[in-house]
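In: The sequence isn't on hand, but the structure is:
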(Lines give C-alpha, C1' and ligand atoms only; values in the text may rest on other atoms or scores of the structure.)
Protein backbone atom coordinates (compact mmCIF):
# COMPACT_ATOMS: atom_id res chain seq x y z
CA UNK A 1 0.00 0.00 0.00
CA UNK A 2 1.17 3.53 -0.71
CA UNK A 3 -1.61 6.07 -0.24
CA UNK A 4 -0.70 9.64 0.69
CA UNK A 5 -2.73 12.48 2.17
CA UNK A 6 -1.61 16.08 2.62
CA UNK A 7 -3.77 18.38 4.72
CA UNK A 8 -3.12 22.13 5.01
CA UNK A 9 0.61 21.64 4.42
CA UNK A 10 2.53 24.90 4.62
CA UNK A 11 6.21 25.78 4.36
CA UNK A 12 7.79 29.13 5.12
CA UNK A 13 11.39 30.26 4.94
CA UNK A 14 11.45 33.22 7.30
CA UNK A 15 8.76 35.61 6.10
CA UNK A 16 8.51 33.94 2.69
CA UNK A 17 5.61 31.48 2.25
CA UNK A 18 6.70 28.85 -0.28
CA UNK A 19 3.93 26.27 0.19
CA UNK A 20 0.60 27.87 1.01
CA UNK A 21 -1.78 25.27 2.38
CA UNK A 22 -1.71 22.16 0.17
CA UNK A 23 -4.51 19.57 0.37
CA UNK A 24 -4.01 16.46 -1.75
CA UNK A 25 -5.06 12.80 -1.81
CA UNK A 26 -2.96 10.24 -3.68
CA UNK A 27 -4.44 6.76 -4.03
CA UNK A 28 -2.47 3.55 -3.76
CA UNK A 29 -0.84 2.75 -7.11
CA UNK A 30 -1.39 6.17 -8.69
CA UNK A 31 1.23 7.95 -10.79
CA UNK A 32 0.95 11.60 -9.75
CA UNK A 33 3.02 14.36 -11.33
CA UNK A 34 3.68 17.83 -9.92
CA UNK A 35 4.20 20.44 -12.64
CA UNK A 36 4.64 24.17 -12.64
CA UNK A 37 7.14 26.91 -13.47
CA UNK A 38 10.47 27.30 -11.68
CA UNK A 39 9.95 28.48 -8.12
CA UNK A 40 6.36 27.22 -7.88
CA UNK A 41 7.20 24.93 -4.92
CA UNK A 42 6.94 21.52 -6.57
CA UNK A 43 10.39 20.23 -5.49
CA UNK A 44 9.96 21.71 -2.01
CA UNK A 45 6.65 19.89 -1.65
CA UNK A 46 8.28 16.61 -2.73
CA UNK A 47 11.07 17.10 -0.18
CA UNK A 48 8.48 17.74 2.53
CA UNK A 49 6.78 14.44 1.66
CA UNK A 50 10.19 12.73 1.81
CA UNK A 51 11.03 14.35 5.15
CA UNK A 52 14.05 16.16 3.75
CA UNK A 53 12.31 19.46 4.57
CA UNK A 54 10.14 20.07 7.63
CA UNK A 55 6.63 21.34 7.05
CA UNK A 56 5.91 24.55 8.90
CA UNK A 57 2.42 23.24 9.60
CA UNK A 58 -0.06 20.66 8.36
CA UNK A 59 -0.50 16.89 8.27
CA UNK A 60 1.19 14.23 6.10
CA UNK A 61 -0.07 10.66 6.27
CA UNK A 62 1.24 7.61 4.41
CA UNK A 63 -1.10 4.62 4.49
CA UNK A 64 -3.08 6.40 7.20
CA UNK A 65 -0.08 6.90 9.51
CA UNK A 66 1.03 10.44 10.39
CA UNK A 67 4.66 10.92 9.37
CA UNK A 68 5.35 14.62 10.02
CA UNK A 69 7.69 13.74 12.89
CA UNK A 70 8.99 10.50 11.32
CA UNK A 71 12.56 10.65 9.90
CA UNK A 72 13.00 10.06 6.15
CA UNK A 73 14.51 6.59 6.53
CA UNK A 74 11.41 5.35 8.34
CA UNK A 75 8.73 6.79 6.05
CA UNK A 76 8.77 3.90 3.60
CA UNK A 77 9.81 6.08 0.67
CA UNK A 78 12.58 5.93 -1.91
CA UNK A 79 13.70 8.99 -3.84
CA UNK A 80 15.35 9.36 -7.24
CA UNK A 81 17.05 12.72 -7.70
CA UNK A 82 18.02 14.80 -10.72
CA UNK A 83 21.65 13.96 -9.92
CA UNK A 84 22.36 10.23 -9.83
CA UNK A 85 24.10 10.38 -6.42
CA UNK A 86 25.98 7.11 -7.00
CA UNK A 87 29.10 6.14 -5.07
CA UNK A 88 31.94 6.20 -7.65
CA UNK A 89 34.02 3.53 -5.87
CA UNK A 90 31.19 0.99 -5.73
CA UNK A 91 29.99 -1.29 -8.50
CA UNK A 92 26.49 -1.06 -9.91
CA UNK A 93 25.53 -4.09 -7.85
CA UNK A 94 26.87 -2.58 -4.63
CA UNK A 95 25.31 0.82 -5.33
CA UNK A 96 21.92 -0.79 -5.82
CA UNK A 97 22.16 -2.92 -2.69
CA UNK A 98 23.82 -0.42 -0.36
CA UNK A 99 20.65 0.80 1.31
CA UNK A 100 19.57 -2.74 2.14
CA UNK A 101 23.05 -3.58 3.40
CA UNK A 102 23.04 -0.55 5.70
CA UNK A 103 19.62 -1.58 6.96
CA UNK A 104 21.02 -5.00 7.90
CA UNK A 105 19.16 -7.06 5.33
CA UNK A 106 20.42 -10.63 4.81
CA UNK A 107 22.87 -11.07 1.97
CA UNK A 108 20.57 -13.54 0.20
CA UNK A 109 17.71 -11.04 0.28
CA UNK A 110 19.94 -8.28 -1.12
CA UNK A 111 21.11 -10.58 -3.92
CA UNK A 112 17.53 -11.50 -4.78
CA UNK A 113 16.24 -7.94 -4.88
CA UNK A 114 19.21 -6.56 -6.84
CA UNK A 115 18.90 -9.40 -9.35
CA UNK A 116 15.19 -8.71 -9.82
CA UNK A 117 15.65 -4.94 -10.20
CA UNK A 118 18.60 -5.27 -12.58
CA UNK A 119 16.56 -7.61 -14.79
CA UNK A 120 13.67 -5.13 -14.89
CA UNK A 121 16.06 -2.35 -15.92
CA UNK A 122 18.25 -4.42 -18.28
CA UNK A 123 21.31 -3.82 -16.10
CA UNK A 124 22.45 -7.42 -15.61
CA UNK A 125 25.57 -7.11 -17.76
CA UNK A 126 26.62 -3.89 -16.01
CA UNK A 127 26.52 -5.10 -12.41
CA UNK A 128 30.31 -5.31 -12.10
CA UNK A 129 30.93 -1.87 -13.59
CA UNK A 130 31.46 1.36 -11.71
CA UNK A 131 29.48 4.58 -12.44
CA UNK A 132 32.31 6.13 -14.47
CA UNK A 133 32.01 3.24 -16.94
CA UNK A 134 28.31 3.93 -17.59
CA UNK A 135 26.39 6.37 -19.77
CA UNK A 136 24.09 8.98 -18.26
CA UNK A 137 21.03 6.90 -19.04
CA UNK A 138 22.56 3.80 -17.45
CA UNK A 139 23.48 5.74 -14.32
CA UNK A 140 19.93 6.99 -13.99
CA UNK A 141 18.66 3.42 -14.34
CA UNK A 142 21.00 2.39 -11.52
CA UNK A 143 19.57 5.18 -9.37
CA UNK A 144 16.05 3.95 -10.17
CA UNK A 145 17.14 0.37 -9.43
CA UNK A 146 18.49 1.46 -6.04
CA UNK A 147 15.01 2.78 -5.26
CA UNK A 148 13.27 -0.38 -6.52
CA UNK A 149 15.27 -2.76 -4.32
CA UNK A 150 14.01 -0.97 -1.21
CA UNK A 151 10.40 -1.93 -2.13
CA UNK A 152 9.09 1.38 -0.76
CA UNK A 153 5.50 2.47 -0.19
CA UNK A 154 6.15 5.59 -2.26
CA UNK A 155 8.56 6.31 -5.10
CA UNK A 156 9.50 9.99 -5.29
CA UNK A 157 11.15 11.32 -8.47
CA UNK A 158 12.66 14.83 -8.56
CA UNK A 159 13.17 15.76 -12.24
CA UNK A 160 15.02 12.47 -12.89
CA UNK A 161 15.38 12.94 -16.66
CA UNK A 162 16.56 16.54 -16.87
CA UNK A 163 20.25 15.59 -17.19
CA UNK A 164 19.61 13.27 -20.14
CA UNK A 165 19.61 14.15 -23.83
CA UNK A 166 16.35 14.13 -25.78
CA UNK A 167 16.56 10.53 -27.05
CA UNK A 168 17.51 9.15 -23.65
CA UNK A 169 14.69 11.10 -22.01
CA UNK A 170 12.17 9.41 -24.27
CA UNK A 171 13.64 5.93 -23.66
CA UNK A 172 13.87 6.39 -19.89
CA UNK A 173 10.37 7.84 -19.78
CA UNK A 174 9.08 4.67 -21.43
CA UNK A 175 11.01 2.56 -18.90
CA UNK A 176 9.51 4.46 -15.97
CA UNK A 177 6.01 3.99 -17.41
CA UNK A 178 6.65 0.27 -17.82
CA UNK A 179 8.02 0.00 -14.28
CA UNK A 180 4.91 1.66 -12.90
CA UNK A 181 2.72 -0.89 -14.66
CA UNK A 182 4.85 -3.81 -13.47
CA UNK A 183 5.37 -2.66 -9.88
CA UNK A 184 1.85 -1.24 -9.45
CA UNK A 185 3.54 1.18 -7.06
CA UNK A 186 2.58 4.68 -6.01
CA UNK A 187 4.81 7.21 -7.73
CA UNK A 188 5.06 10.97 -7.25
CA UNK A 189 7.10 12.71 -9.88
CA UNK A 190 8.25 16.34 -10.22
CA UNK A 191 8.98 17.83 -13.62
CA UNK A 192 8.84 21.12 -15.50
CA UNK A 193 8.39 19.17 -18.74
CA UNK A 194 4.71 18.97 -19.62
CA UNK A 195 5.35 16.20 -22.18
CA UNK A 196 6.55 13.98 -19.33
CA UNK A 197 3.50 14.96 -17.30
CA UNK A 198 1.00 14.35 -20.09
CA UNK A 199 2.47 10.98 -21.10
CA UNK A 200 3.23 9.47 -17.69
CA UNK A 201 0.65 10.71 -15.19
CA UNK A 202 -2.61 9.24 -14.00
CA UNK A 203 -3.13 12.57 -12.26
CA UNK A 204 -1.39 15.93 -12.70
CA UNK A 205 -1.09 18.54 -9.95
CA UNK A 206 -0.48 22.00 -11.41
CA UNK A 207 1.24 24.34 -8.96
CA UNK A 208 1.93 28.05 -9.10
CA UNK A 209 3.40 30.19 -6.30
CA UNK A 210 2.92 27.43 -3.73
CA UNK A 211 -0.78 26.94 -4.51
CA UNK A 212 -2.51 24.08 -6.34
CA UNK A 213 -4.21 25.53 -9.41
CA UNK A 214 -5.85 22.30 -10.58
CA UNK A 215 -5.71 18.53 -10.11
CA UNK A 216 -6.90 16.15 -12.78
CA UNK A 217 -6.04 13.64 -15.48
CA UNK A 218 -3.90 14.92 -18.36
CA UNK A 219 -6.85 15.24 -20.72
CA UNK A 220 -9.06 16.86 -18.08
CA UNK A 221 -6.46 19.61 -17.72
CA UNK A 222 -6.08 19.90 -21.48
CA UNK A 223 -9.80 19.96 -22.29
CA UNK A 224 -11.17 21.70 -19.19
CA UNK A 225 -8.53 23.97 -17.63
CA UNK A 226 -9.76 25.61 -14.43
CA UNK A 227 -8.18 28.99 -15.11
CA UNK A 228 -5.95 31.03 -17.38
CA UNK A 229 -2.78 29.78 -15.71
CA UNK A 230 -3.54 26.09 -16.31
CA UNK A 231 -4.83 26.81 -19.81
CA UNK A 232 -1.60 28.57 -20.70
CA UNK A 233 0.71 26.10 -18.98
CA UNK A 234 -0.72 22.86 -20.41
CA UNK A 235 -0.28 22.46 -24.15
CA UNK A 236 2.53 23.30 -26.57
CA UNK A 237 2.47 25.75 -28.22
CA UNK A 238 0.49 27.51 -25.52
CA UNK A 239 -3.18 28.44 -25.80
CA UNK A 240 -4.00 31.68 -27.63
CA UNK A 241 -5.71 34.25 -25.39
CA UNK A 242 -7.86 36.94 -26.98
CA UNK A 243 -9.67 39.88 -25.40
CA UNK A 244 -13.34 38.84 -25.51
CA UNK A 245 -14.43 42.34 -26.57
CA UNK A 246 -12.52 41.93 -29.85
CA UNK A 247 -14.68 38.92 -30.66
CA UNK A 248 -17.94 40.47 -29.49
CA UNK A 249 -18.18 38.01 -26.60
CA UNK A 250 -20.06 39.71 -23.76
CA UNK A 251 -20.12 37.02 -21.07
CA UNK A 252 -16.34 36.66 -20.66
CA UNK A 253 -13.18 38.70 -20.26
CA UNK A 254 -10.87 36.39 -22.22
CA UNK A 255 -11.42 33.79 -24.93
CA UNK A 256 -8.88 30.98 -25.36
CA UNK A 257 -8.29 28.66 -28.29
CA UNK A 258 -5.50 26.16 -28.71
CA UNK A 259 -3.24 26.48 -31.80
CA UNK A 260 -4.23 22.99 -32.94
CA UNK A 261 -7.93 23.93 -32.82
CA UNK A 262 -7.54 26.60 -35.52
CA UNK A 263 -7.79 25.88 -39.25
CA UNK A 264 -5.98 28.05 -41.76
CA UNK A 265 -7.02 29.11 -45.26
CA UNK A 266 -5.71 31.45 -47.94
CA UNK A 267 -9.24 32.29 -49.13
CA UNK A 268 -11.61 32.92 -46.23
CA UNK A 269 -12.14 32.53 -42.50
CA UNK A 270 -13.07 34.37 -39.31
CA UNK A 271 -9.75 36.06 -38.46
CA UNK A 272 -7.71 37.68 -41.22
CA UNK A 273 -4.02 38.22 -40.57
CA UNK A 274 -0.50 38.15 -41.93
CA UNK A 275 2.10 35.46 -41.34
CA UNK A 276 5.06 36.79 -39.32
CA UNK A 277 6.98 33.54 -38.76
CA UNK A 278 6.79 29.86 -39.67
CA UNK A 279 8.37 26.85 -37.94
CA UNK A 280 8.66 23.69 -40.05
CA UNK A 281 8.96 20.75 -37.68
CA UNK A 282 8.25 17.91 -40.10
CA UNK A 283 5.29 16.39 -38.31
CA UNK A 284 3.87 19.87 -37.58
CA UNK A 285 3.96 23.37 -39.01
CA UNK A 286 3.66 26.21 -36.51
CA UNK A 287 2.42 29.49 -38.02
CA UNK A 288 2.63 32.79 -36.14
CA UNK A 289 0.13 35.42 -37.27
CA UNK A 290 -0.61 39.10 -36.61
CA UNK A 291 -4.24 40.17 -36.96
CA UNK A 292 -5.89 43.56 -36.60
CA UNK A 293 -9.01 41.86 -35.20
CA UNK A 294 -7.52 39.60 -32.52
CA UNK A 295 -3.85 40.54 -32.22
CA UNK A 296 -1.06 37.94 -32.27
CA UNK A 297 -1.92 34.24 -32.33
CA UNK A 298 -0.42 30.88 -33.26
CA UNK A 299 -1.75 28.06 -35.44
CA UNK A 300 -0.49 24.48 -35.29
CA UNK A 301 -1.05 22.45 -38.44
CA UNK A 302 -0.49 18.72 -38.84
CA UNK A 303 2.15 17.87 -41.41
CA UNK A 304 4.07 20.15 -43.79
CA UNK A 305 2.38 23.34 -45.02
CA UNK A 306 3.95 25.99 -47.21
CA UNK A 307 3.24 29.42 -45.79
CA UNK A 308 5.64 32.32 -46.12
CA UNK A 309 6.22 35.44 -44.03
CA UNK A 310 3.91 38.16 -45.34
CA UNK A 311 1.20 35.80 -46.62
CA UNK A 312 -2.40 36.88 -45.96
CA UNK A 313 -4.27 34.05 -44.22
CA UNK A 314 -7.62 33.40 -42.56
CA UNK A 315 -7.98 31.40 -39.34
CA UNK A 316 -11.15 29.81 -38.00
CA UNK A 317 -11.62 28.19 -34.55
CA UNK A 318 -13.02 24.68 -34.54
CA UNK A 319 -16.62 24.46 -33.33
CA UNK A 320 -16.90 23.83 -29.60
CA UNK A 321 -13.16 24.22 -29.00
CA UNK A 322 -13.00 27.70 -27.49
CA UNK A 323 -12.61 28.45 -23.78
CA UNK A 324 -14.03 31.41 -21.86
CA UNK A 325 -12.55 33.02 -18.74
CA UNK A 326 -13.95 35.66 -16.41
CA UNK A 327 -12.23 38.82 -15.15
CA UNK A 328 -10.52 36.80 -12.37
CA UNK A 329 -9.11 34.31 -14.88
CA UNK A 330 -11.47 31.49 -13.87
CA UNK A 331 -12.97 29.25 -16.53
CA UNK A 332 -16.63 29.83 -17.35
CA UNK A 333 -18.35 26.48 -17.82
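Out: Thanks, I have the structure now. Treat the numbers as computed from the prediction; the structure is a model and nothing was measured. Residues are numbered from 1 along each chain as shown.
In: Tell me which residue lies farthest from the centre of this structure.
Out: In the chain, the greatest distance from the average C-alpha position (Cα atoms, centre = their mean) is reached by residue 267, at 40.2 Å.
In: list the contacts for the nearest residue to residue 100 once chain neighbours are set aside?
Out: Setting aside the residues directly before and after it, residue 100 is nearest to residue 110 in space (Cβ to Cβ, 6 or more residues apart in numbering), at 4.7 Å. The way it works is simple: take the backbone N, C-alpha and C, and place the C-beta from them, glycine included. The contact partners of residue 110, by Cβ atoms under 8 Å, 6 or more residues apart in numbering, come to 97, 100, 101, 149.
In: Paired strands for whichever helix or strand residue 78 is part of, with orientation please.
Out: For residue 78, the element it lies in under DSSP states H and E is strand 77-80. According to DSSP bridges, strand 77-80 has the following sheet partners: strand 154-158 (parallel).
In: isn't the residue farthest from the centre of the chain right next to residue 314, touching?
Out: Yes - counting by Cβ atoms under 8 Å, residue 267 does reach residue 314; the two are 6.8 Å apart.
In: if we can go back for a sec, ok, residues contacting the strand holding residue 78?
Out: 46, 49-52, 62, 99, 140, 143-144, 146-148, 150, 152-158, 160.
In: Type out the ChimeraX command that picks the buried ones from these.
Out: Those of those that count as buried under 16 or more other Cβ atoms under 10 Å are selected in ChimeraX with:
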select :46,49,50,51,62,99,140,143,144,146,147,148,150,152,153,154,155,156,157,158,160
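In: Give me the subset of the contacts of strand 77-80 lying in strands.
Out: Using DSSP state E, the members of the contacts of strand 77-80 that fall within strands are 62, 154, 155, 156, 157, 158.
In: Name the nearest of those relative to residue 164.
Out: residue 157 (13.0 Å; Cβ to Cβ).
In: The closest residue to that closest one other than its chain neighbours pairs with what?
Out: Setting aside the residues directly before and after it, residue 157 is nearest to residue 189 in space (Cβ to Cβ, 6+ apart), at 4.2 Å. Beta bridges link residue 189 to residue 33, residue 157 when assigned by DSSP bridges.
In: Report the contact partners of residue 189.
Out: 31, 32, 33, 34, 156, 157, 160, 176, 196, 200, 201.
In: where along the stretch 201-333 of the chain do the helices fall?
Out: Taking DSSP state H, counting those that start in this stretch to define them, one finds helices in the stretch 201-333 of the chain at 218-223, 228-233.
In: got the buried residues for the first one?
Out: With burial defined by 16+ other Cβ under 10 Å, the residues of helix 218-223 counted as buried are 218, 221, 222.
In: One more: stretch 86-94?
Out: Residues 86, 91, 92, 93, 94 are the ones in stretch 86-94 that count as buried (16+ other Cβ under 10 Å).
In: What about those residues, which are in helices?
Out: Using DSSP state H, the subset of these located in helices is 92, 93, 94.
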